[in-house]
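1. no FASTA, just this:
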């Protein structure tokens, strides 16, 4: 019998302040997930999280997806932006 364990979770009481541009990016990503009814979770990871917790500016946001490739998600972002008549992202 195979048992699986969930990865440990961490809850921080720290609040991360977002710039207007970061808020726009995260809202766009959530809209893409909702628009296509994607069954994936988006996680922000890496140096951006560290820098934000330290109160440092950061211009590089790393996104992790739990069950799809980044290129596939990027194609969905571009398709969504195209449907809105907006500029596509770079791959």
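-> On my side now, so go ahead. What you see is a predicted model; the values in this text were computed from it and never measured.
2. Flag every buried residue along the longest helix anywhere in the chain.
-> In the chain, assigned by DSSP state H, the helix with the most residues is helix 20-35. Neighbour counts over helix 20-35 (16 or more other C-beta atoms under 10 Å) mark 22, 28, 29, 32, 33 as buried. The C-beta positions use only the backbone N, C-alpha and C, and glycine is treated the same way.
3. So what does residue 43 have for phi and psi?
-> Backbone torsions for residue 43, taken as degrees, to the nearest 10, come to phi -130, psi 140.
4. That one - nearest residue in space that isn't next to it in sequence?
-> Excluding its sequence neighbours, the residue lying closest to residue 43 (C-beta to C-beta, 6 or more residues apart in numbering) is residue 64, at 4.4 Å.
5. ok, now residue 65?
-> Using C-beta to C-beta, 6+ apart, the closest residue to residue 65 is residue 40 (5.2 Å).
6. Let me know the distance separating that neighbour from residue 33.
-> Relative to residue 33, residue 40 is positioned 7 Å away (C-beta to C-beta, to the nearest Å).
7. Which of the buried residues of helix 20-35 sits closest to residue 58?
-> The shortest approach to residue 58 among these belongs to residue 22, at 9.1 Å (C-beta to C-beta).
8. show me what contacts the residue nearest to that closest one when sequence neighbours are not counted?
-> Of all residues not flanking residue 22 in the chain, residue 61 sits nearest, at 7.1 Å (C-beta to C-beta, 6+ apart). Applying C-beta atoms under 8 Å, 6 or more residues apart in numbering to residue 61 gives the contacts 22, 25, 44, 48.
9. Can you tell me which of those lies closest to residue 85?
-> residue 25 (18.6 Å).
10. burial count for the residue nearest to residue 62 when sequence neighbours are not counted?
-> Nearest non-adjacent residue to residue 62, counting by C-beta to C-beta, 6+ apart: residue 46, 3.7 Å away. Neighbour count of residue 46, defined by other C-beta atoms under 10 Å: 14.
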